[in-house]
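Trainee: 3D, please:
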Amino acid sequence: MEEKVVVRLKDGSEKDYPKGTTIYQIAETISKRLAKEAVVGKIDGKLVDLHCPLEEGGELEILSFDDEEGQDVYRHSSSHILAQAVQKLFPGTKLGIGPAIKGGFYYDFDSEHKFTPEDLDNIEKEMNNIIKDKLAYQRKELSREAALELFAERGEEYKLELVKDLPEDEVISVYTQGEFVDLCAGPHVPDTSKVKAVKLTSVAGAYWRGDEKNKMLQRIYGTSFPKKKTLEEYLEKLEEAKKRDHRKLGQQLELFTIMEEGPGFPFFFPKGMTLRNELEAFWREEHEKADYQEIKSPIILNRTLWETSGHWEHYQENMYFTQIDEQDFAVKPMNCPGGMLVYRSKMHSYRDLPLRMGELGLVHRHELSGALHGLMRVRCFTQDDAHIFMLPSQIKDEIKNVIDLVDYFYKVFGFEYHVELSTKPEKAMGSNEIWDKATTALKEALEEKEMDYIINEGDGAFYGPKIDFHLKDCLDRTWQCGTIQLDFLMPEKFDLNYIGEDGNKHRPVMIHRVVFGSIERFIGILTEHFAGAFPTWLSPVQVKVLPITDKFADYAHKVAKKLEHAGVRVEVDSRSEKIGYKIREGQLQKIPYLLVVGEKEEQNETVAVRKRAEGDLGPEELAAFTVKIVEEIKNKK
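Mentor: Purely as a prediction, here's the structure:
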């Protein structure tokens, strides 16, 4: 009698199949379309190749490119095609690693040849040849000795290093496609023809294993899609993203820059400071309404503080250090320990709680030079931190209050967002019981707010689980900004107390949270989201007055003065240039309103209004225009 296995499908149904049936064969029995679109299988939560024969039953999912894990497998398979093409065109090239990343993949190579943009075109052509050859991805498990022998014979020193670093009990597997062999846990798509549309996008340097002490390799980036049209749409978005690059716009609009003298340390120009100050003023105004008190803690603090907080043990590689009076000090990578000391500076009653303390605190974190990217990844940034100290009974309400505050902030900027809940990481402080209690509290708050959320297993902070808010910009890219972290451990570490109703000392519970996340990074996100055309309330210059000739410069300055008195940021372009040139200049500077003034406007006390993106709106009384723009700024439209 033929032995059967029972699989439970995503819809809850159960089906019997002969033992040894592959996942692809199961997909064919469900629907031809599913079989055609299938990328990888998932049995009892573990990803497996579609041609993997089932020896046991279980929960089965068949994933396509529409699933995030399916995309990762598809693009990791694409990286193997890239590596095969490079080794064919440039013999002697040694392989690093080639993972899938968000939006694509990369592969690191050690080659005597320096790759150029022209090389990328040729490599891409060779990849398409490999795709046409329909080479099967074949998995083979090897003993440690056999794997070391294989990669020694092939001269793959980086693969040898990886094999040697694998745990003794780990299964070692390789994947082949044609003559190409790679150390890989898999899984992969069935064959190379599954990859329909591929594009190599750039080449960059990358230290082996991310360590600047190691050799610099060449990293080729690419992306792939099941349809050529989808690839073309994605490439169009990439081109649009280049136009919106905050580094380029930051210089063009005189907002900010990074200089050679301070890699990873941003410089803000006067206009950038105006934008920044508006964001901070908005933050202060809303936090004051929400009963937060603002504090400021020092940038450099003694080593003993960081030992108490756990940063010395868990975060030291990201920190900067100095010595003062022969004692070790650290530049703060986070504001939290300073907030603890402020709380501990006086005794609190249960009547004082919840106590909400906010801080726009400058922090420094060591980032590898290769990871630095404009304002998005820097070595110093200002976190809009707050630490809320509360009674255990207040936890859920305080989390919900923070959720409401974050939601309000993002709506003002017009951002959509999704929420992720991150749980206990491998390297963490505290017992499972404390972590379970904290995680449950966050889940219950999200569910009571009826918010959809994704769970990120093992991605919490070392001291507590967290809720992360991921903004979606106009190019559908996501940016992690706001965070809510629940912490039962720091109050214990710092011996924080409050006097309860019973007259005894008790431990408060605390929340760490940010809304912007990093002021600098948020400015970078806003710059790209709005392509530098900020809403009027945020624009460094809100109005520019353009006299048609020098003769009307006095009236232009009179207009500017009236607007300034109403609280509008205004400039006058009184250069002896043609009006068409001045208008183009104002448009390039992305100024919300250009006011053209000449003889008619001076006689009638009007202005000819040009609105960004709408063009010429015609003449308007200065008083009426002033009322409108003041209202627009006030309401943050």
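Trainee: Show the end-to-end separation of stretch 30-48, please.
Mentor: 18 Å (C-alpha to C-alpha, to the nearest Å).
Trainee: got the buried residues for stretch 224-236?
Mentor: 224-226, 231, 234 (16 or more other C-beta atoms under 10 Å). For the C-beta atoms, the positions are set from N, CA and C on the backbone; glycine is no exception.
Trainee: ok, and what's touching that stretch?
Mentor: The list of residues contacting stretch 224-236 from outside it, by C-beta atoms under 8 Å, 6 or more residues apart in numbering, reads 37, 65, 74-75, 78, 103-105, 195-199, 223.
Trainee: Ile467 should be in a strand, yeah?
Mentor: Yes: assessed by DSSP: H, G, I helix; E, B strand; the rest coil, Ile467 belongs to a strand.
Trainee: Quick check: it touching Ala441?
Mentor: No: counting by C-beta atoms under 8 Å, Ile467 does not reach Ala441; the two are 10.5 Å apart.
Trainee: Return every residue with contacts to both of these two.
Mentor: Ile399.
Trainee: now, the most widely separated pair of the buried residues of stretch 224-236?
Mentor: Pro226 and Tyr234 (11.8 Å; C-beta to C-beta).
Trainee: now Trp208: how far from Gly370?
Mentor: Distance from Trp208 to Gly370, counting by C-beta to C-beta, to the nearest Å: 11 Å.
Trainee: swap that for Tyr175, sorry
Mentor: For Tyr175, the distance to Gly370 - C-beta to C-beta - is 28 Å.
Trainee: can you check Arg513 too?
Mentor: 30 Å.
Trainee: same question, Pro270
Mentor: From Pro270 to Gly370 the distance is 31 Å (C-beta to C-beta).
Trainee: Can you pick out the residue with more neighbours from the two?
Mentor: Between Pro270 and Gly370, counted using other C-beta atoms under 10 Å, Gly370 has the larger neighbour count: 15 against 9.
Trainee: Touching, the more buried one and Tyr207? I think so.
Mentor: Yes: Gly370 is in contact with Tyr207 according to C-beta under 8 Å; the separation is 6.3 Å.
Trainee: Which helix or which strand is home to the residue nearest to the spatial centre of the chain?
Mentor: In the chain, the residue lying closest to the centroid (C-alpha atoms, centre = their mean) is Trp479, at 3.7 Å. Trp479 is part of strand 478-487, with elements assigned from DSSP states H and E.
Trainee: Which elements pack onto that strand?
Mentor: helix 395-412, helix 432-448, strand 466-472, strand 509-514, helix 519-529 (3 or more C-beta pairs under 8 Å, 6 or more residues apart in numbering; DSSP states H and E).
Trainee: buried residues in the longest one?
Mentor: It stands for helix 395-412. Neighbour count says helix 395-412 has 395, 398-403, 405-406, 409-410 buried, by 16+ other C-beta under 10 Å.
Trainee: How far does stretch 343-362 stretch from one end to the other?
Mentor: Start-to-end, stretch 343-362 (C-alpha to C-alpha) is 19 Å.
Trainee: For it, what does the pLDDT average out to?
Mentor: Stretch 343-362 comes out with an average pLDDT of 96.
Trainee: same check, this time on stretch 96-109
Mentor: 95.
Trainee: ok, and what's touching it?
Mentor: With contact meaning C-beta under 8 Å, 6+ apart, stretch 96-109 is reached by 71-76, 78-80, 82-83, 86, 93-95, 110, 115, 158, 162, 182, 201, 206, 208, 217-224, 234.
Trainee: Tell me the buried residues within these.
Mentor: Judged by 16+ other C-beta under 10 Å, buried ones among the contacts of stretch 96-109: 71-76, 78-80, 82-83, 86, 93-95, 110, 115, 158, 162, 182, 206, 208, 217-224, 234.
Trainee: Sort out for me which of the residues you listed are in strands.
Mentor: 94-95, 110, 182, 206, 217-224 (DSSP state E).
Trainee: Tyr315: which of those is nearest?
Mentor: Distances from Tyr315 to these, taken by C-beta to C-beta, are shortest for Ala206, at 23.6 Å.
Trainee: hey, what's the nearest residue to that closest one once chain neighbours are set aside bridged with?
Mentor: Setting aside the residues directly before and after it, Ala206 is nearest to Arg219 in space (C-beta to C-beta, 6 or more residues apart in numbering), at 4.1 Å. When assigned by DSSP bridges, Arg219 has beta-bridge partners Asp108, Ala204.
Trainee: what ranges do the helices span in the stretch 301-450 of the chain?
Mentor: Taking DSSP state H, counting those that start in this stretch, the helices of the stretch 301-450 of the chain run over residues 303-309, 311-314, 336-344, 395-412, 432-448.
Trainee: Put together CSV for the ones you listed, with distance to Phe381 on each row.
Mentor: Below are the helices of the stretch 301-450 of the chain laid out as CSV (distance: least, C-beta to C-beta, whole Å):
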stretch, distance to Phe381
helix 303-309, 19
helix 311-314, 17
helix 336-344, 15
helix 395-412, 18
helix 432-448, 25
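Trainee: Which of the ones you listed sits closest to Phe282?
Mentor: Between those, helix 395-412 lies closest to Phe282; by C-beta to C-beta that is 7.6 Å.
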